[in-house]
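>>> fold the following and give me the result.
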Amino acid sequence: QVQLVESGGGLVQAGGSLRLSCAASGRTSRSIGTGWFRQAPGKEREFVAGIWWIGQWHTDYGDSVKGRFTISSDNVENMVYLQMNGLKPEDTAVYYCAVGANSRRWDEYILWGQGTQVTVSS
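Here you go, the predicted model:
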């Protein structure tokens, strides 16, 4: 059974960068989309970025991170990355990776990691 494990979270100052990693323990098809979501205390889960393969790589970003975050995939290593630049305090949240959909809707994804905390200080 495939499991997802996120890593790379931590504490960073505003304007800094972090790179999150999502490792799949088993083999997954690159046509199955992978998404990054985040959830801050008291807020709903928010779509951050997604990546999927249909003849070529396709990506999508939430409006609040567009231009600052970059999602990428290393299909050989079964890894998906989220490069986060220009971090803001409002980016503080638990970040989750998920697989199973090419969608911004979190309820369409079928498998989730345990999450990694990102804290951005002002």
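
>>> so which residue is dead centre in this protein?
In the chain, the residue lying closest to the centroid (Cα atoms, centre = their mean) is Trp36, at 2.4 Å.

>>> what's the helix or strand for that one?
strand 34-39 (DSSP states H and E).

>>> what's the burial count for the nearest residue to the residue nearest to the centre of the chain once chain neighbours are set aside?
Nearest residue to Trp36 in three dimensions, chain neighbours excluded: Val48, at 4.2 Å (Cβ to Cβ, 6 or more residues apart in numbering). All C-beta atoms are positioned from the backbone trio N, CA, C, and that covers glycine. Here the number of neighbours of Val48 (other Cβ atoms under 10 Å) works out to 25.

>>> likewise for Tyr95?
Counted by other Cβ under 10 Å, the residues lying close to Tyr95 total 23.

>>> can you tell me the SS state at it?
What DSSP: H, G, I helix; E, B strand; the rest coil gives for Tyr95 is strand.

>>> now the strands for this protein?
Listed in chain order, the strands of the chain (DSSP state E) span 4-7, 10-13, 18-24, 34-39, 46-53, 57-61, 69-74, 79-84, 93-99, 111-112, 116-121.

>>> would you mind finding the most buried of these?
Of all those, strand 34-39 carries the top mean neighbour count, a mean of 25, counting by mean count of other Cβ atoms under 10 Å.

>>> what helices and strands are in contact with that one?
When contacts are defined as 3 or more Cβ pairs under 8 Å, 6 or more residues apart in numbering; DSSP states H and E, strand 34-39 packs onto strand 18-24, strand 46-53, strand 69-74, strand 79-84, strand 93-99.

>>> who are the packing partners of the fourth one?
When contacts are defined as 3+ Cβ pairs under 8 Å, 6+ apart, strand 79-84 sits against strand 18-24, strand 34-39, strand 46-53, strand 69-74, strand 93-99.

>>> quick check: angle from it to strand 93-99?
Between strand 79-84 and strand 93-99, the angle comes out at 150 degrees (axes from the mean of the first three to the mean of the last three Cα atoms, to 10 degrees).

>>> what's in contact with strand 79-84?
17-24, 34, 36, 48-49, 51, 65, 68-74, 91, 95, 97, 118 (Cβ atoms under 8 Å, 6 or more residues apart in numbering).
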